[in-house]
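> here is a sequence with its predicted model. Questions after.
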There are 2 protein chains.
Amino acid sequence: MSKKKLSGHKEFIRSRCPIACVLDILGDKWTLLVVRDLLSGKKIYGEFLASFEKIPTNILAERLKRLIEHEIVVKSPYQERPIRYEYVLTHKGKELGPVLRAMVQWGEKHIPGSKAMLKPTEND
Amino acid sequence: MSKKKLSGHKEFIRSRCPIACVLDILGDKWTLLVVRDLLSGKKIYGEFLASFEKIPTNILAERLKRLIEHEIVVKSPYQERPIRYEYVLTHKGKELGPVLRAMVQWGEKHIPGSKAMLKPTEND
DNA sequence: CATGTCACTTGTTAATTGCAAGTAACAATC
DNA sequence: GATTGTTACTTGCAATTAACAAGTGACATG
């Protein structure tokens, strides 16, 4: 019964450069990790929390909300009593695959201790 | 004559996932915009400051320092008296091109008002 | 020698993050 | 049916980070 802010957390646009626009949505340490998990098939709140990097729960909730606002993710109930929701990528969200894959390639090549876990290819 | 912290601002590693590793270096709203400018041929402090998004000067200085620490950028003097430095991408840095290009593609396709400015291809 | 420019640094305030704890809705166990 | 547990969050608060303004040092120009 209290909705502090229901939207419009970012109405100011830095520029029309697609990179700036993308960073306004995805440019932080956690959001793309959630997208990674979604791409790898994780669907449920607890699954995201359980990932190795241990995302704080409030940040997970906020990021999911943002991804939903931007139509990268949809939330839908997969059971009633007790009501439980699942999160899945939209088409738009799935198309972030190439961005993630480019990052994985760069990381594997240039960051010493890094080893991939993302499945090879999982397109639409 | 005071070096508050000379390095080691992030010795804790979240995970070995390349995406997490990349986000630990580049995961914020500004760093990849600096890389974008470097890829587009900008070299000098003032040029980065002058970009449309108007990065704050202290953040630019810190991000350049970080990119240098991670060997994505090198700083070298291009003139003496008055001494002036230029920043250029290393090979490692240039290889971020595909990541940026994937972002541009996604942004242009999925974010309404976004229009690209990054040059088509500029490989090594 | 006064003013200006470039490349930063410092200080102060505002916003965001991270951690811990709490809550609502049930389910299962005692 | 009271207690404990699970899931999916929300809330509070300290700590980190970002944003804006102003300052600094090394010169160059007039």
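Looks like it came in fine.

> quickly note the distance from the residue nearest to the spatial centre of chain A to DNA strand C.
In chain A, the residue lying closest to the centroid (C-alpha atoms, centre = their mean) is residue A:35, at 3.1 Å. Per C-beta to the nearest atom of the strand, to the nearest Å, residue A:35 is found 15 Å from DNA strand C. Backbone N, C-alpha and C define where each C-beta goes, glycine included.

> in this structure that residue contacts residue A:88, no?
No - at 11.6 Å, residue A:35 does not count as touching residue A:88 under the criterion of C-beta atoms under 8 Å.

> any idea which helix or strand in chain A has the lowest mean pLDDT?
Scoring the helices and strands of chain A by mean pLDDT, DSSP states H and E places strand A:73-79 at the bottom, with a mean of 91.

> pairing partners for that strand, with directions?
The strands that strand A:73-79 pairs with in its sheet are strand A:84-89 (antiparallel) (by DSSP bridges).

> how far off centre is the strand it pairs with?
12 Å (C-alpha atoms, centre = their mean, to the nearest Å).

> so which bits of that strand are buried?
Residues of strand A:84-89 classed as buried by neighbour count (16 or more other C-beta atoms under 10 Å in any protein chain shown): A:87, A:89.

> low-scoring stretches of chain A, by residue?
Along chain A, the parts satisfying pLDDT under 70 run over A:1-11, A:117-124.

> how about the residues of it near DNA strand D?
Residues of chain A lying near DNA strand D by C-beta under 7 Å from any atom of the strand: A:2, A:4, A:44-46, A:57-58, A:61, A:64-65, A:75, A:84-85.

> got the residues of chain A near DNA strand C?
Residues of chain A lying near DNA strand C (C-beta under 7 Å from any atom of the strand): A:9, A:28-30, A:54, A:56-59, A:62, A:81-83.

> looking at this, residue A:14 is in a strand?
No - according to DSSP: H, G, I helix; E, B strand; the rest coil, residue A:14 belongs to no strand; its state is coil.

> what sits against it?
By C-beta atoms under 8 Å, 6 or more residues apart in numbering or on different chains, residue A:14 lies in contact with A:20-21, A:24, B:53.

> hey, where'd the helices end up in chain A?
Taking DSSP state H as the test, the helices found in chain A are A:18-26, A:31-39, A:45-50, A:57-69, A:91-94, A:97-110.

> buried ones in the shortest one?
So the one you mean is helix A:91-94. Quick answer for helix A:91-94 (16+ other C-beta under 10 Å): A:93-94.
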